[in-house]
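Undergrad: A predicted structure for the sequence below; I have some questions about it.
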Amino acid sequence: QVQLVESGGGLVQAGGSLRLSCAASGRTFSSYAVGWFRQAPGKERESVASISWSGLRAYADSVKGRFTISMDNANNTAYLQMNSLKPEDTAAYYCAAALGSGIVLRKQDFTYWGQGTQVTVSS
């Protein structure tokens with residue numbers, strides 16, 4: 001069992017930056033793929049970025065070049081560095097974990113989810 005807790009959300013002006021953290025307990029991240037998702041009001045939860053335990057990364061087109069996903073296995077924490085934020089990035093952000101060696105992209109393939117952290121970008 002893995003418990004995930006996100007932090008780092010908040011209110012930021014357009015063009016600003018935030019770094020989200022996802023702290024895991026119960027198991028180490030070394031055997032897991034991790035993903036960041038977001039959900040805006042009235043919209044489906046969508047993938048933002050994913051990383052495999054070996055460091056393979058994938059990003060949604062809407063965030064490529066602006067967001068960076070990383071994983072610190074020593075501290076059981078995953079991060080999402082978000083730069084050049086836009087109002088359309090406003091959403092609740094969730095981290096998720098899936099046991100396995102490859103990269104995981106689909107939300108239905110993730111087993112463990114955090115409670116989410118709100119990111120609001122003002123124009």
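TA: Yep, that arrived.
Undergrad: Quickly run through the sheet partners of the helix or strand containing Tyr94, with directions.
TA: If you go by DSSP states H and E, Tyr94 is part of strand 91-99. Under the criterion DSSP bridges, strand 91-99 sits next to strand 32-39 (antiparallel), strand 112-113 (antiparallel), strand 117-122 (antiparallel) in its sheet.
Undergrad: average pLDDT for that strand?
TA: Averaging pLDDT along strand 91-99 yields 96.
Undergrad: Now do it: everything it contacts.
TA: Strand 91-99 has contacts (CB atoms under 8 Å, 6 or more residues apart in numbering) with 2, 4, 6, 9, 20, 22, 24, 29, 31-40, 43, 45, 48, 78, 80, 104, 107, 109-119. Any C-beta I mention is one placed from the backbone N, CA and C, and that applies to glycine too.
Undergrad: For the most centrally placed residue in the chain, name its beta-bridge partners.
TA: For the chain, the residue nearest the mean C-alpha position is Trp36 (2.3 Å; CA atoms, centre = their mean). For Trp36, the residues forming beta bridges with it (DSSP bridges) are Ala49, Cys95.
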